[in-house]
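A.B. asks: Sequence and computational prediction follow.
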Amino acid sequence: MPTKPRHETVISPHGSENQPLTVRVHGRIYRVPEIFPAFYPNEVVRWEPEPDGDDFEGYSDWGRQHYGDDWYRRRKLIIEERNIFIVDRKYKKQQLELREVENTVDGRVFPGGMQGAVWREVWQKICLAKTDRDWDGGDDMRRTDGCPGILPSEDRPWERLEYDRRTQMWNDEEYAYYRCLLTTELVAKARSDLEDQIGDRQHEQVRQDLDADRQALEASPLDRNSVAYERILDAFNRKSDRLKKLERGVHKKRAQDAYEHSEQTAKKRNAAADELLQRGPKTEAEMMEKLMHWQRYGLTLDEHDHLTRLYRFKPPQRPTYSASPHKYNGYDYLSLCKWTPRARPRPLRAEMDSLAAAWGAGLILNEREIRALCSLYGYSSRSTVQDTEPPTSPKSPRKQLTRLKQKLTRHSNHIPSTQSYSTDGPRRARTFFKGWQQNMLLPRPSWSGRGQWLKA
């Protein structure tokens with residue numbers, strides 16, 4: 001059954017330039033341009049039809065002309081102040097006030113209910129328009145015997161109205177009255193849903209933006225154990241915490257203030273860390289902060305000591321952990337060094353480049369420190385066109401002999417059969433290979449006997 005309106009609406013008796021038409025709803029006065037007489041749903045509306053609700057600006061302009069400036073400002077204010085992250089009861093209450101103003105202007109209000117003068121006048125119009133069978137076919141329904149059937153769901157309001165008509169044995173006037181109330185209720189619900197969609201879309205956009213940040217975080221090429229990645233992760237967590245607070249019902253201003261404070265704190269902390277990263281340590285405390293930083297992001301103890309000497313500090317003296325295994329189990333630097341590798345295997349050129357790129361992009365080391373560690377492993381700098389492979393020890397003659405034999409074998413196996421070549425080619429290759437083999441196996445003089453060997 002449609003709910004009976006509990007109107008506190010008071011309409012001014014007449015309007016003029018000095019005293020415009022007003023509508024009082026719950027103690028608030030709205031000035032309106034016009035109030036239309038009461039009508040029933042079968043009538044054609046006597047005002048300009050409202051535009052599509054998806055056109056927010058167009059609907060607002062139409063409502064401003066139809067319901068007045070007070071309605072326009074009030075509607076704009078409650079939409080802006082709505083807490084879109086929870087069920088805002090204050091917003092819902094203010095929505096009902098707007099719907100009462102609209103129903104009053106549109107002539108959908110029947111003061112006094114079925115006993116009021118407004119409804120009596122409407123009912124007389126209905127009785128004179130009996131050609132519409134919608135108001136006239138209830139007798140057979142009311143006389144239907146047996147069970148009225150299952151109560152329809154709330155998303156089928158017209159079927160529920162017919163169900164109530166049969167079960168409560170309404171006469172034609174009661175049916176017409178509740179039919180008008182249901183039409184008014186559906187119109188109000190549609191308008192409220194359109195207003196709700198404005199905030200709901202904003203809420204959904206916030207969640208989509210946060211989800212996009214999460215996907216970008218998961219797809220980030222940065223090393224997970226790096227300063228740059230942790231900063232992005234912290235920024236994501238701050239946004240996520242803000243949304244969780246808002247969805248728990250924390251006031252928007254309080255949640256926003258807490259979020260902005262955390263943003264400022266993180267900004268100051270990152271600026272101080274960047275300054276220390278670029279200029280290097282100047283005091284013992286800053287040197288210890290650097291050591292903890294290097295230990296956290298995977299540098300070995302030999303690299304710690306090398307970078308410490310780079311800044312003209314003495315490397316820390318580490319104890320013999322095996323002598324006192326239960327002593328160093330805290331989170332200070334010496335205790336953490338207990339589980340830190342002493343050195344890493346000498347990286348290849350490509351591995352060194354990968355490490356240098358990760359240290360630089362991850363804000364772990366500055367350029368000076370990266371060059372120092374490159375020199376620690378025998379590389380002058382990051383890879384260039386001239387220096388693409390690490391220096392290696394000279395190969396022994398026997399290894400060179402084996403590789404040349406494999407190369408000649410592959411060459412002879414890959415000669416196309418369609419090509420013409422000399423039959424003595426393989427013989428000459430074997431002769432050359434044998435002479436080269438004998439030459440490579442000759443004894444080599446030492447540097448001390450080089451002059452004597454030349455004389456001989």
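C.D. replies: Good, I have the coordinates.
A.B. asks: who touches stretch 281-295?
C.D. replies: By CB atoms under 8 Å, 6 or more residues apart in numbering, the surrounding residues in contact with stretch 281-295 are 276, 280, 303-304, 307-308, 311, 313, 316, 333, 336-337, 340, 364. C-beta here means a position set from N, CA and C on the backbone, and glycine is covered the same way.
A.B. asks: same thing but 10 Å
C.D. replies: With contacts defined as CB atoms under 10 Å, 6 or more residues apart in numbering, stretch 281-295 is touched by 227, 273, 276-277, 279-280, 299-301, 303-305, 307-308, 311-316, 331-334, 336-337, 339-340, 364-365, 369.
A.B. asks: Please, a ChimeraX command that selects the buried ones among the residues you listed?
C.D. replies: The ChimeraX command for the buried members of these (criterion: 16 or more other CB atoms under 10 Å) is given here:
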select :227,276,277,280,299,300,301,303,304,305,307,308,313,333,337,340,364,365,369
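A.B. asks: Now intersect the contacts of stretch 281-295 with the helices, please.
C.D. replies: Among those, the members found in helices (DSSP state H) are 227, 273, 276-277, 279, 301, 303-305, 307-308, 333-334, 336-337, 369.
A.B. asks: Tell me the one of those residues nearest residue 171?
C.D. replies: Set against residue 171, the nearest of these by CB to CB is residue 227 (79.1 Å).
A.B. asks: who's in contact with that closest one?
C.D. replies: Here residue 227 is in contact with 270, 273, 274, 277, 293, 296, 297, 361, 362, 363, 364 (CB under 10 Å, 6+ apart).
A.B. asks: swap the cut-off to 7 Å and go again
C.D. replies: 362, 363, 364 (CB atoms under 7 Å, 6 or more residues apart in numbering).
A.B. asks: repeat for residue 364
C.D. replies: Taking CB under 7 Å, 6+ apart, one finds 226, 227, 297 in contact with residue 364.
A.B. asks: Starting from residue 206, give me the distance back to it.
C.D. replies: Remark: distance between residue 364 and residue 206 (CB to CB, to the nearest Å) = 33 Å.
A.B. asks: same question, residue 359
C.D. replies: 36 Å.
A.B. asks: Of those two, give the one with the bigger neighbour count.
C.D. replies: Neighbours per residue, other CB atoms under 10 Å: of residue 359 and residue 206, the larger number sits with residue 359, 21 against 17.
A.B. asks: I figured that one hits residue 370, correct?
C.D. replies: Yes. If you go by CB atoms under 7 Å, residue 359 and residue 370 touch, sitting 5.6 Å apart.
A.B. asks: Extract the C-alpha trace of stretch 333-348 and format it as PDB.
C.D. replies: Extracted C-alpha coordinates of stretch 333-348, given in PDB (Å, rounded to 0.1, in the frame of the first residue of the first chain):
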ATOM      1  CA  TYR A 333      73.000  -2.400  12.900                       C
ATOM      2  CA  LEU A 334      75.500  -4.800  14.400                       C
ATOM      3  CA  SER A 335      72.700  -7.300  15.100                       C
ATOM      4  CA  LEU A 336      71.400  -7.000  11.600                       C
ATOM      5  CA  CYS A 337      74.900  -7.500  10.100                       C
ATOM      6  CA  LYS A 338      74.800 -11.000  11.700                       C
ATOM      7  CA  TRP A 339      72.400 -12.000   8.900                       C
ATOM      8  CA  THR A 340      73.900  -9.800   6.100                       C
ATOM      9  CA  PRO A 341      76.100 -11.500   3.400                       C
ATOM     10  CA  ARG A 342      79.800 -10.600   3.600                       C
ATOM     11  CA  ALA A 343      80.200 -10.300  -0.200                       C
ATOM     12  CA  ARG A 344      78.500 -11.000  -3.500                       C
ATOM     13  CA  PRO A 345      80.000 -13.000  -6.400                       C
ATOM     14  CA  ARG A 346      81.600 -10.800  -8.900                       C
ATOM     15  CA  PRO A 347      78.800  -9.800 -11.300                       C
ATOM     16  CA  LEU A 348      79.100  -9.900 -15.000                       C
END
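A.B. asks: average model confidence for that stretch?
C.D. replies: Averaging pLDDT along stretch 333-348 gives 93.
A.B. asks: any idea what sits nearest residue 309, other than its immediate chain neighbours?
C.D. replies: residue 315 (6.7 Å; CB to CB, 6 or more residues apart in numbering).
A.B. asks: what does residue 376 give?
C.D. replies: Closest residue to residue 376 apart from its sequence neighbours, by CB to CB, 6+ apart: residue 306 at 5.1 Å.
A.B. asks: which residues touch the one you found?
C.D. replies: Listed by CB under 7 Å, 6+ apart, the contact partners of residue 306 are 372, 373, 376.
A.B. asks: In a helix, the first one, correct?
C.D. replies: The one in question is residue 372. Yes. Counting by DSSP: H, G, I helix; E, B strand; the rest coil, residue 372 is part of a helix.
A.B. asks: can you count the residues close to the nearest residue to it once chain neighbours are set aside?
C.D. replies: In this structure, residue 372 finds its nearest non-sequential neighbour in residue 310, 5.0 Å apart by CB to CB, 6+ apart. By other CB under 10 Å, 16 other residues sit near residue 310.
A.B. asks: where does residue 310 sit relative to residue 56, distance-wise?
C.D. replies: To residue 56, residue 310 is 62 Å away according to CB to CB.
A.B. asks: Give me the buried stretch members for stretch 217-233, please.
C.D. replies: So stretch 217-233, judged by 16+ other CB under 10 Å, has buried residues 222, 223, 226, 227, 228, 229, 230, 231.
A.B. asks: ok, which stretches of the stretch 101-250 of the chain are helices?
C.D. replies: With DSSP state H, counting those that start in this stretch, the ranges of helices along the stretch 101-250 of the chain come out as 117-128, 138-142, 157-167, 172-218, 227-248.
A.B. asks: to the chain's geometric centre, what's the distance from the host helix or strand of residue 23?
C.D. replies: Per DSSP states H and E, residue 23 falls inside strand 22-25. Relative to its parent chain, strand 22-25 has a centroid offset of 44 Å by CA atoms, centre = their mean, to the nearest Å.
A.B. asks: likewise stretch 67-87?
C.D. replies: The answer for stretch 67-87 is 27 Å, by CA atoms, centre = their mean.
A.B. asks: In three-state terms, label residue 37 for me.
C.D. replies: Following three-state DSSP, residue 37 is assigned to coil.
A.B. asks: Just give me the residue closest to the centre of this structure.
C.D. replies: Residue closest to the mean C-alpha point of the chain, counted by CA atoms, centre = their mean, is residue 210 at 1.5 Å.
A.B. asks: State the distance from it to residue 88.
C.D. replies: Going from residue 210 to residue 88 by CB to CB gives 21 Å.
A.B. asks: Then residue 192?
C.D. replies: Using CB to CB, we find residue 192 at a distance of 12 Å from residue 88.
A.B. asks: What of residue 102?
C.D. replies: From residue 102 over to residue 88 the distance is 20 Å, taken as CB to CB.
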